[in-house]
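Enquirer: Next one to model:
(2 chains)
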2 protein chains.
Amino acid sequence: LVEPRKLKGFRDFGPAEAAVRQAIIDKITVRAERAAFQSISTPAIEYSEVLMGSGGGETDKEVYQFSDQGDRLVALRYDLTVPFARFVAEHYSELTFPFKKLQIGEVWRGEKPQKGRYRQFCQADLDIIGSDSLRADVEVISLFAQILDELIPKPFTISLSNRKILSHILSCFIPNLDPESEKSALIALDKLGKIGATRVTELMKTNDVLGKGDVEGLLKFVAAGEKDAVFRLRKLSPSEEFQAEIAKFERTLELLKLNTRGLRCKVAADLSLARGLAYYTGAVFETLIDGFENIGSICSGGRYDKLVSRFMTEELSGIGGTIGVDRLLVVLMELGMKSQKQPQFFVAVAGQAAEAYAYDICRTLREAGYICDMDLKERKLAAQFKHANRLGIPRVITVGDEEVAARTFSLKDMVARTEAKAVPFANLLKLAAESVG
Amino acid sequence: LVEPRKLKGFRDFGPAEAAVRQAIIDKITVRAERAAFQSISTPAIEYSEVLMGSGGGETDKEVYQFSDQGDRLVALRYDLTVPFARFVAEHYSELTFPFKKLQIGEVWRGEKPQKGRYRQFCQADLDIIGSDSLRADVEVISLFAQILDELIPKPFTISLSNRKILSHILSCFIPNLDPESEKSALIALDKLGKIGATRVTELMKTNDVLGKGDVEGLLKFVAAGEKDAVFRLRKLSPSEEFQAEIAKFERTLELLKLNTRGLRCKVAADLSLARGLAYYTGAVFETLIDGFENIGSICSGGRYDKLVSRFMTEELSGIGGTIGVDRLLVVLMELGMKSQKQPQFFVAVAGQAAEAYAYDICRTLREAGYICDMDLKERKLAAQFKHANRLGIPRVITVGDEEVAARTFSLKDMVARTEAKAVPFANLLKLAAESVG
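Expert: Just a heads-up that it's a prediction; the model follows:
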C-alpha cells in the first residue's frame, strides 16, 4: 500500500471549503468584469531568470525553484505580478494601454512552510498597466474595496502609503542614504506593526548608514498615525517635488474615501507601511479585517513603474494588487460562511425497469435549474431514503413499475412532511416549483 | 534586459481565449452542480510515489517529476484521477458514498512537448466513487454528453467499450494470455484507429504470446463497427460471466441513448477502443467531434475499480472522465466562439475637478451590472474618445466642470449616432437601460 499523504505545506479543499473558495473567485470575477478588467492566464512554471531578481533578495529565497528534466533552472511562480510583467512585454504589440487585467491562479513558495503558512495558495490580481495617473491607483484600490465589502461581513481598513514619500521622509531623518540602505530601512520600517519600535530601532542601528540618522525621530514620525499625517508631511520639507507627491497622496486618499462611501471600508494613511517587495515605486496598500488582524493583510499591492523595463526598453507604469483568496477563505470559514449547494431532489428508483424513467425525471429537473441526485447503487428503497436523508436532501421522488406504466411519480417532502402520490410527469416542474417555493 | 519568454510547451492565454476558457469552465460547473456533483481541489504537487505506478509504464514516463528543495522526489500531477484516489483514501471517513466529484484544474506533462502538445493544460473531471452499478457509468457519461451538447455547436460521438469484454474477446482469439501480454494487446488495440490494422498486427506479432493467437481474427472482430456488435459478442462465447457483462454493456448503451435523446450526441459501441491507462477495469469511453477528429478525444474516461486500493484496504469502485478543457478551447476558437465581454460605457473626464463625479457614475453603472470603463490617463477629451473607439466601446459619457456643477452628464451613442446632453444624474440608470436596450 502507498500511504495517502500530501507534501507538507500543501492542502486539499473538500466540498465545503471548495464551494466558498469558488464563491470568492466568482464574486471577484463579476466585479472585475464590470469594471472592464480582462482575464488572462499564464503558466505555473517560468524560467527562473524571469521570476528572480525583481521582488528583492528576501522573496528570491522563497521562490520554489528546481531543475527540470532538461536541466533548465525553472520556478513555480511566486506571485502573479512578475509573470504579468513578462506577459505584457511579450505581447506588447497586441495590447491596448492602459490594459486592465484580472488574473486568478495558484502561486507557490519554496521555503520550509511555517505554521499556518502554505506552499501553494490562490491569489486574485487586478492590475492596470500603461498609466502613471493616480486615477489608476484609485480605480484599482476602490474596486478592491467594493469587492471586499461584498465578500466580508466585517469592517476592514485599507492602509495607504507611498514609496516616494517614504524615501523623502527617510532622507529627512537619515542623511546620505544609499539605495541599499534605503532598501534595508524600508524593510525594517515595514516590520514596525509586527515587531514594534524597539526592535526596528535595533535593526536599523546595526546598519552603518541608518545608525547615524535620527532613527527615533523617524519611527516617531511614521508611527504617529493618520491624524494630521498630511499636515505633518507638508511641514517636513519644503521640496517642491515632495510637496507635489504629498498633494497626489492627499488626492488619492480623498478619492478613495469618496469611492468607498457606504462600504464597511475605512481608508487610512499609514506611513509606517512600506511593503516588502523591492519593485514598488509609488502607492502601496494593505488591508486588515477588524478582528482578524492576526491573519495579516488580505489585499495588498502597489505601484510598480519599472517592473516591465526588466524585459523591454519601453517604459510602462503599472499599479496592481492581490486578494489572498485562501487567506480570505480562512476568514470566511471562521465566520461560518456556507456556499455548498445542497441537492433539492433525490430520485429513488424501485427496480431496474424504472431506471430510464428516473434519468428522465433527473434530466428534466436539472435542465430547469434544480439540483437533483438519484440512486446510483441499485439499493433497496429504504436504503435509498436513508442515503437521501444522510445527504440532507429534503425531497424524495419515487418511481417504480406502477409509475413507469402510468408516467407518474410520488414526491415526499421530508421537511413539510407531505406526500403527493401518482402525480403525472407533465406536472413535474409545476410541483417542483411549488415545493421549492 | 531579461528576455520575456516562456518555457517550451507552456502557453499564455490572452483575454479572448481566457474568456472562452472561463465560459467552458462555468458551463461545466453549473451542469455538474445541478447533478449534485461537489467540487474539490487538490495540490498541484504530490509525492511521486502517489502519482506513479497506477497509469502504467507509458504514462509514468510522461509524469513531470523532479527533486524539490528537500530532495524529495515529487511530481506535478499528471491527471486529476490519481490525486482524487489519494484524496478519497485520505478523507475516507469524512465522505458519504457514492461521492460525486467535480474537479477542474491544471495538469502537467514532463515529456518533450510535440507539436500541438502542451506541458500544462486544464482538465475538468467528473467522478462517482463508491458504486459499481452501471447507473453510475450512465450518470457520468450522460452528464458529459449534456455538457458537451451545450458547449459545442457540432455533432459529436461518444464511443463506448469495456475492458472486461475486451479481455474476454482477447482470450477467445489469443489463448493463454498472461496479464503483461494482455496489457500489450490492449495498448496495441487502442492504436487501431490511429495507425491501422497492418501496423497493429505487426506490433502484436512481435510479442511471443500474442503472435501465436489469431491476431487477424481479433482485429477483424473489434473493427467490425457498431452494427450488430452486441449480437456478435453474444455469439463469441457461451461463458455466463461474459454473457452477463454483455447484458450490462447493452443496457449501458441503451440508457445512454435514451439519456442523449435530442442532443447532438451519437452514442456508439466501439470494441477497438481500449484507452491507454492501466487502471481501467470496466467501461471506457472517448468522444470525437465531427470534423475535429484530428484533435483527438475531447472527453474520455472509464471505470477504475481498483485505483483507491493502492492507498487503502477498503474496496471502492469508481467511474470517471475528463473534459480536455484546453483541447475543447482549440475547437471553440476555431469555430469562432467569442465570450469576451466588451465594455458598454466609457466615462470621459474633462479635467480633474470632474474625477470624483466620474467615479460615481462608473460605480453606479457597475453596481447596476453594466460594464463601464473610464479615462485613467488624464488625457485630453479627443484622446479619450479615440481610446474608447479603439476598444470598441459604443457609448461615451462625458463629464466636465459644467456637468459637475449641475450634476448632469452627456451620453454619446457611437452606434446609434445620437447624443443626449445635460441629462440629470438621477436619470443615469434609466437612460443606460434605454440605450443598452
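Enquirer: Check the offset of stretch A:294-302 from the chain's centre.
Expert: Put simply, stretch A:294-302 sits 9 Å off its chain's centre (Cα atoms, centre = their mean, to the nearest Å).
Enquirer: pLDDT value on A:Gly225, please?
Expert: Note on A:Gly225: pLDDT of 79.
Enquirer: quick one: the strands in the stretch 1-150 of chain A?
Expert: Counting by DSSP state E, counting those that start in this stretch, the stretch 1-150 of chain A has these strands, from start to end: A:38-39, A:45-47, A:64-67, A:73-76, A:99-108, A:120-129.
Enquirer: do you know which of those strands lies nearest chain B?
Expert: With respect to chain B, and counting by Cβ to the nearest Cβ, the nearest of the strands of the stretch 1-150 of chain A is strand A:38-39 at 3.8 Å. In this view, the C-beta of every residue, glycine as well, is placed from N, C-alpha and C.
Enquirer: what's the model's confidence in the closest one, averaged?
Expert: Computed over strand A:38-39, the mean pLDDT rounds to 98.
Enquirer: got a list of contacts for it?
Expert: Applying Cβ atoms under 8 Å, 6 or more residues apart in numbering or on different chains, the external contacts of strand A:38-39 come out as A:29, A:32, A:99-104, B:15, B:18-19, B:22, B:340.
Enquirer: Direction included, what does that strand pair up with?
Expert: Using DSSP bridges, the strands paired with strand A:38-39 are strand A:99-108 (parallel).
Enquirer: now the strands of the stretch 1-150 of chain A as TSV including distance to A:Lys164?
Expert: As requested, the strands of the stretch 1-150 of chain A are exported to TSV (distance: least, Cβ to Cβ, whole Å):
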stretch	distance to A:Lys164
strand A:38-39	29
strand A:45-47	30
strand A:64-67	32
strand A:73-76	30
strand A:99-108	23
strand A:120-129	18
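Enquirer: export these to JSON lines and tack on mean neighbour count?
Expert: Formatted as JSON lines, the strands of the stretch 1-150 of chain A follow (neighbours: other Cβ atoms under 10 Å in any protein chain shown):
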{"stretch": "strand A:38-39", "mean neighbour count": "22"}
{"stretch": "strand A:45-47", "mean neighbour count": "23"}
{"stretch": "strand A:64-67", "mean neighbour count": "18"}
{"stretch": "strand A:73-76", "mean neighbour count": "20"}
{"stretch": "strand A:99-108", "mean neighbour count": "22"}
{"stretch": "strand A:120-129", "mean neighbour count": "23"}
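Enquirer: closest to B:Val50 out of those?
Expert: strand A:120-129 (15.4 Å; Cβ to Cβ).
Enquirer: Leaving out the residues flanking it, which one is nearest to the most centrally placed residue in chain A?
Expert: Geometric centre of chain A, nearest residue: A:Ile323, 2.7 Å, by Cα atoms, centre = their mean. Closest residue to A:Ile323 apart from its sequence neighbours, by Cβ to Cβ, 6 or more residues apart in numbering or on different chains: A:Ala124 at 4.4 Å.
Enquirer: Who does the one you found form a beta bridge with?
Expert: A:Ile104, A:Ile323.
Enquirer: can you pull the pLDDT of it?
Expert: pLDDT recorded at A:Ala124 is 98.
Enquirer: how much space between it and B:Asn176?
Expert: 59 Å (Cβ to Cβ, to the nearest Å).
Enquirer: my read: the residue nearest to the centre of chain A touches A:Gly301, true?
Expert: No: with contacts counted by Cβ atoms under 8 Å, A:Ile323 stays clear of A:Gly301, the gap being 9.3 Å.
Enquirer: what sits in contact with each of the two?
Expert: Common neighbours of A:Ile323 and A:Gly301 (Cβ under 8 Å, 6+ apart) are A:Phe144.
Enquirer: element containing the closest residue to A:Val284 other than its chain neighbours?
Expert: Using Cβ to Cβ, 6+ apart and skipping residues adjacent in sequence, the residue nearest A:Val284 is A:Gly302, 3.6 Å away. Here A:Gly302, judged by DSSP states H and E, is contained in strand A:299-303.
Enquirer: Same check on A:Gly291?
Expert: Residue-wise, A:Gly291 maps onto no helix or strand under DSSP H and E.
Enquirer: Enumerate every residue touching it.
Expert: A:Lys154.
Enquirer: got a pLDDT number for it?
Expert: If you check A:Gly291, the pLDDT there is 96.
Enquirer: next one: phi and psi at it?
Expert: For A:Gly291, the backbone dihedrals (degrees, to the nearest 10) come out as phi 90, psi -10.
Enquirer: List the contacts of the residue nearest to A:Val284.
Expert: Residues in contact with A:Gly302 (Cβ under 8 Å, 6+ apart) are A:163, A:275, A:277, A:280-285, A:319-321.
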